[in-house]
Each structure stands twice: as C-alpha cells, then as structure tokens.
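>>> structure here, sequence nowhere to be found:
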Ligand code: DAH
C-alpha cells in the first residue's frame with residue numbers, strides 16, 4: 001500500500017506540474033483528492049491493514065494528500081496569474097494606432113452660396129430679416145397689389161392651408177412685414193424657403209429658395225437698383241460677367257425688370273444650360289409700386305424704393321454646375337461630400 005501511495009503521489013505531482021489551465025487543474029483535484037479520488041480512496045482501504053499499520057499508513061496518506069493539495073493550490077494561483085497577464089496583454093490599447101475619425105459635417109452648397117450673398121449685401125449696408133413660411137393671403141398677395149381676382153395669382157400655384165392661410169409663394173411677403181415695422185431708410189434682405197405646387201423635374205421643385213431685397217428711402221431711383229444688382233452680379237459671377245436688365249412685369253413693382261447674366265457654363269456662346277441664349281435669368285426686380293408703399297403706411301410722394309427677388313437654387317446649380325435641382329434636396333451624402 002505504501003508503494004501504491006508513493007506511485008500515486010508521484011503520478012499526481014507530475015500531472016499537476018504539466019497542467020497549464022484552470023480547467024485541467026480542477027480535473028486533477030477531483031481525480032486524486034475528490035470524494036471518490038484515487039488518494040482519498042486509499043483511506044477507505046485502511047480496513048484491510050493490521051491495527052498497528054493503520055495509524056502509520058493513515059498519517060502517510062494524509063500527508064501525501066496535504067502535499068498534493070498544496071501543490072495544486074500553488075499551481076492554481078500560478079495559472080490564474082498567467083491567464084490574467086495574458087488577458088491584460090491581449091487587451092492593451094495601442095495608443096499609437098490612428099483613431100477612427102468621423103466624417104465632419106459641412107455646409108450644404110445652398111448655404112455656402114447664401115452665406116456669400118449675405119456677405120455681399122451686408123457689405124452694402126443691408127440687414128438680414130426673417131419672415132414666416134406660413135403666411136396669410138394678406139401678406140403674400142393682397143398687400144403686394146395682387147387682389148383675389150388678379151390674373152397674376154395664376155403665375156404662382158399656391159399651397160393653401162385654409163381660406164386665408166398659405167405656404168408663402170415668394171419671400172416678397174417679408175417686404176410688407178418689414179415696411180410695417182421699420183421706418184425708412186430701409187435696406188433689408190430676407191432669405192428663405194418658398195413653396196409652389198409645381199411638378200418636380202430637373203429645374204423645378206415645390207420647395208425652393210429666394211432672397212428678397214428691399215430698399216426704401218428718399219430719392220431712390222432705378223439707378224440705385226441697377227447699381228446694387230450689377231455690383232451683386234459682379235461679386236457673385238466675376239467682373240467680366242455681363243448683366244442685362246429686361247423689362248418685365250410684377251404686380252408689386254413699376255417699372256419691373258428681370259435680370260440676366262452671362263451664362264457661366266458657356267461664357268455667352270449658347271449651350272444646353274442657357275438653352276442656346278447665352279444668358280441666365282437670376283432675379284426679378286423693380287421700383288416698389290406706390291400702392292404697395294401706401295398699403296404699408298409709407299407716403300409714395302415722399303419715399304421711393306426698389307425691390308428684388310433672387311432665386312438661390314439657380315445660382316447654386318449654375319455655380320457648381322449641378323445638372324439637376326433635385327440633387328439639392330435629396331440629402332445624398334455621396335453628392336454633398338463633394339462640396
Ligand atoms: N416675387 C417674385 C417671384 O417670386 C420675384 C420678385 C420680383 C421679387 C420682383 C421682387 C421684385 O421683390 O421686385 O417671382
């Protein structure tokens with residue numbers, strides 16, 4: 001029995017020494033020292049020994065048990081330490097690794113162009129004002145000299161929200177609000193979204209953007225209108241751009257003009273963008289109609305003014321050579337990242 005114990009102990013020691021993981025060491029503990037373990041079961045065989053041998057053997061078995069137990073405890077600690085070290089090693093953060101950078105936000109091309117326009121007009125002394133997108137018939141049409149039965153209403157297909165409430169079809173509504181709240185001299189621009197029940201195609205959208213301008217003071221003439229708008233066109237398109245004033249009609253201005261600039265795509269030769277004319281229309285303008293001044297409590301005998309409405313979307317598509325206005329509204333990141 002003594003030899004058996006020695007052999008078993010030697011076997012256990014060498015097994016414990018060669019094990020490398022926590023699961024393995026636990027299996028060895030059960031195998032040798034568990035309730036039915038091989039060393040433990042030697043104690044159960046004591047019955048076959050003589051009374052003198054029993055205490056001697058008992059002591060030897062217990063001692064062996066204790067030694068193997070200690071060895072297992074030490075080994076367990078060693079393995080657990082190693083495993084922790086390995087884990088820490090695997091989890092170390094490499095601080096020299098380049099970070100994952102998020103894509104930075106950018107200005108939408110419409111905003112870039114709008115900011116440029118605001119800079120230009122501010123440098124000429126204009127204030128920026130805001131107006132509501134949901135307007136009343138009164139501000140969007142009535143005060144702008146477009147009464148209910150006026151044929152000019154057909155020029156703008158309106159989204160009505162109620163009998164008198166609508167989505168503004170033009171930023172011109174802001175002219176009236178400004179003249180009601182400010183006294184001349186007035187020099188403002190009002191950028192914003194406008195809405196018309198238009199079919200969507202490459203050049204039309206039911207939502208688009210305008211910048212309204214208004215100047216009212218004593219002695220304002222068509223010369224001031226021409227000077228300001230020419231200056232604006234030259235700053236946006238460059239000094240070599242020709243600017244053409246064409247007679248036109250708007251109910252709220254008299255006389256009225258439309259302003260064309262040299263087509264930036266073909267330089268005036270004629271192309272697909274300008275439909276062969278060499279010109280691109282960028283805005284409508286005119287001298288504020290005396291009726292409009294009067295409806296806002298400004299005496300047309302004392303004051304005069306000019307107004308203009310610039311299409312921001314057209315300006316943006318021509319500047320960046322964007323072939324389809326819908327691209328400006330689809331928020332496709334692949335498109336927007338290019339600007
Ligand atoms: N509101 C006009 C439009 O949407 C543009 C316009 C023309 C505005 C002449 C003006 C103006 O202020 O004087 O077509």
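Right, received. Where do you want to start? Nothing here was measured: the structure is a model prediction, and the numbers come from that model.
>>> from now on I want contacts and neighbour counts done on CA atoms only, so please keep to that.
Fine.
>>> need the nearest residue in space to residue 261, chain neighbours excluded.
residue 243 (4.6 Å; CA to CA, 6 or more residues apart in numbering).
>>> go on, residue 120?
Closest to residue 120 by CA to CA, 6+ apart is residue 232, at 6.7 Å.
>>> the helix or strand hosting that neighbour vs the ligand: in contact?
Per DSSP states H and E: residue 232 is located in helix 222-237. No - judged by CA under 6 Å from any ligand atom, helix 222-237 makes no contact with the ligand; its nearest approach is 10.0 Å.
>>> next SSE after that helix?
strand 243-250.
>>> and residue 47, what does it touch?
residue 54 (CA atoms under 8 Å, 6 or more residues apart in numbering).
>>> tell me if I am right that residue 216 is in a strand.
Yes - under DSSP: H, G, I helix; E, B strand; the rest coil, residue 216 falls within a strand.
>>> quick one: work out the angle between the helix or strand harbouring residue 310 and helix 222-237.
Assessed by DSSP H and E, residue 310 sits inside strand 304-311. Put simply, strand 304-311 runs at 30 degrees to helix 222-237, going by axes from the mean of the first three to the mean of the last three CA atoms, to 10 degrees.
>>> and strand 304-311 with the ligand, contact?
Yes - applying CA under 6 Å from any ligand atom, one finds strand 304-311 in contact with the ligand at 307-309.
>>> mind giving me TSV with the residues you listed and columns for pLDDT, distance to residue 113 and neighbour count?
Output for the residues of strand 304-311 next to the ligand, formatted as TSV (pLDDT from 0 to 100; distance: CA to CA, whole Å; neighbours: other CA atoms under 10 Å):
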residue	pLDDT	distance to residue 113	neighbour count
307	98	20	24
308	98	17	27
309	97	15	23
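>>> just send those back as CSV, with distance to residue 153 too.
Listed next are the residues of strand 304-311 next to the ligand as CSV, based on distance: CA to CA, whole Å:
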residue, distance to residue 153
307, 19
308, 18
309, 17
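>>> how close does residue 277 sit to residue 246?
14 Å (CA to CA, to the nearest Å).
>>> pretty sure residue 240 sits against residue 234.
Yes - applying CA atoms under 8 Å as the test, residue 240 and residue 234 come out as touching, 7.4 Å apart.
>>> quick one, which of those two is more surrounded?
The neighbour count for residue 240 versus residue 234, taken as other CA atoms under 10 Å, is higher for residue 234 (15 against 9).
>>> how about the contacts made by the more buried one?
Residue 234 neighbours (CA under 8 Å, 6+ apart): 240-241.
>>> element containing the closest residue to residue 309 other than its chain neighbours, please.
Nearest non-adjacent residue to residue 309, counting by CA to CA, 6+ apart: residue 212, 4.5 Å away. Using DSSP H and E, residue 212 sits within strand 207-217.
>>> list the contacts of that strand.
170-172, 174-175, 184-196, 303-313.
>>> tell me the SS of residue 130?
coil.
>>> that one: how many residues sit nearby?
Other residues near residue 130 number 14, with proximity taken as other CA under 10 Å.
>>> so who does residue 13 touch?
Contacts for residue 13 were tallied using CA under 8 Å, 6+ apart; they are 68, 71.
>>> buried sites along the helix or strand hosting it?
Using DSSP H and E, residue 13 falls within helix 2-18. For helix 2-18, burial by neighbour count (16 or more other CA atoms under 10 Å) applies to 5, 9, 12-13, 16.
>>> repeat for stretch 218-226
Using 16+ other CA under 10 Å as the test for burial, stretch 218-226 gives 225-226.
>>> need the residues that contact that stretch.
By CA under 8 Å, 6+ apart, stretch 218-226 touches 185, 286-287, 302-307.
>>> rounded mean pLDDT for the helix holding residue 13, please.
Average pLDDT, helix 2-18: 84.
>>> so where do the strands sit in this structure?
127-128, 134-136, 165-167, 186-195, 207-217, 243-250, 253-262, 279-288, 304-311 (DSSP state E).
>>> how about whichever residue of the stretch 101-250 of the chain sits closest to the ligand, what does it touch?
Closest residue of the stretch 101-250 of the chain to the ligand, CA to the nearest ligand atom: residue 170 (4.6 Å). Counting by CA under 8 Å, 6+ apart, residue 170 makes contact with 140, 194-195, 210.
>>> and for residue 250?
256, 286.
>>> find me the pLDDT at it, would you?
So, for residue 250, pLDDT stands at 94.
>>> beta partners of it?
Using DSSP bridges, the bridge partners assigned to residue 250 are residue 253.
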